[in-house]
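Trainee: Below is the sequence, then the predicted model.
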Amino acid sequence: MVPSPISTCTAGQRILTISAEQKSRLDAAIDGDSAAAAAFDTALSTDPVLLDVEVLSTKRVRAGAGVSYGHTYRTSRPTTLARVAIGYGHGMPRKAGNLVSVAWVPHDGEPVRLPIVGRVAMDEFVVDADDVAVQPGAFMRVFGDARRGAPSLLEWAGLLGEMPVAIVACLDSRVERRIR
């Protein structure tokens, strides 16, 4: 019997959409160009970077349910929790848990902001979806265009105390890059 190879892949899709101009600035910033890093951050209001991540599963829980490692968040009411397919192992900041929100965009409606709750785990984080009809296979907009109701990368960076370019630069190769 031949053992199966060990997979380093995790479930779910993770898609970073970035313009060619922002990708060029990001690459230069990674190579140490501080002017390119500043230009990346400045351009975000008119040339946003989008990160969309697949929902792996949802679960209805009772009030008082602990979420993620150490139960740093407990639900205050019966709610639906959604597991989202990105974590610190992909470069997602660990300190995002209990601090920032993502957006779910229904097919026929406006974006709904939902908080990341509990600790960010290695391959996923959890969102309190309340009574929103989020289903597995749907995508959460982690950050994107604030003009369209999504949390922006600038907002995330401000709440996390990080530079926006650093958040994107830390995302690993399991996050698919799409140039628009």
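Mentor: Ah, there it is. Residues are numbered from 1 along each chain as shown.
Trainee: Next up, the contacts around Ala138.
Mentor: With Cβ atoms under 8 Å, 6 or more residues apart in numbering as the criterion, the residues that contact Ala138 are 54-55, 104. For glycine as for every other residue, the C-beta is placed from the backbone atoms N, C-alpha and C.
Trainee: quick one: buried residues of the strand or helix carrying Ala157?
Mentor: Assigned by DSSP states H and E, Ala157 belongs to helix 153-160. Of the residues in helix 153-160, 153-157, 160 count as buried by neighbour count, 16 or more other Cβ atoms under 10 Å.
Trainee: quick revisit: scan the contacts of Ala138 and report the most crowded one.
Mentor: Trp104 (23 neighbours; other Cβ atoms under 10 Å).
Trainee: Show me the beta-bridge partners of it.
Mentor: Per DSSP bridges, the residues bridged to Trp104 are Val112, Met140.
Trainee: Next, the residues that contact the helix holding Ala157 from outside, please.
Mentor: Judged by Cβ under 8 Å, 6+ apart, the contacts made with helix 153-160 from elsewhere in the structure are 41, 44-45, 48-49, 93, 95-96, 99-100, 142-144, 146, 162-164, 166-168.
Trainee: gap between stretch 132-140 and the chain center?
Mentor: For stretch 132-140, the distance from its own C-alpha centre to the chain's C-alpha centre is 14 Å (Cα atoms, centre = their mean, to the nearest Å).
Trainee: quick one: Leu99 from Arg60, how far?
Mentor: When Cβ to Cβ, to the nearest Å is applied, the distance between Leu99 and Arg60 equals 24 Å.
Trainee: again with Glu21
Mentor: Between Glu21 and Arg60 the distance is 43 Å, computed by Cβ to Cβ.
Trainee: So which residue is dead centre in the protein?
Mentor: Here the mean C-alpha position of the chain is nearest to the C-alpha of Val142 (Cα atoms, centre = their mean), at a distance of 3.5 Å.
Trainee: give me every residue that touches that residue.
Mentor: If you count contacts by Cβ under 8 Å, 6+ apart, Val142 has them with 51-53, 84, 86, 92, 102, 151, 156.
Trainee: List the contacts of Glu21.
Mentor: The neighbourhood of Glu21, defined by Cβ under 8 Å, 6+ apart, consists of 43, 47.
Trainee: Tell me if it really is in a helix.
Mentor: Yes - if the criterion is DSSP: H, G, I helix; E, B strand; the rest coil, then Glu21 is within a helix.
Trainee: What average pLDDT does the strand ranked longest in the chain get?
Mentor: Criterion DSSP state E: the longest strand present in the chain is strand 50-61. Per-residue pLDDT values over strand 50-61 give a mean of 98.
Trainee: Can you give the strand pairings for the helix or strand following it, parallel or anti for each?
Mentor: Next helix or strand after strand 50-61 toward the C-terminus (DSSP H and E): strand 66-67. Paired strands of strand 66-67, with direction, are strand 73-74 (antiparallel) (DSSP bridges).
Trainee: If anything else comes up later, I'll come back, but that's it for now.
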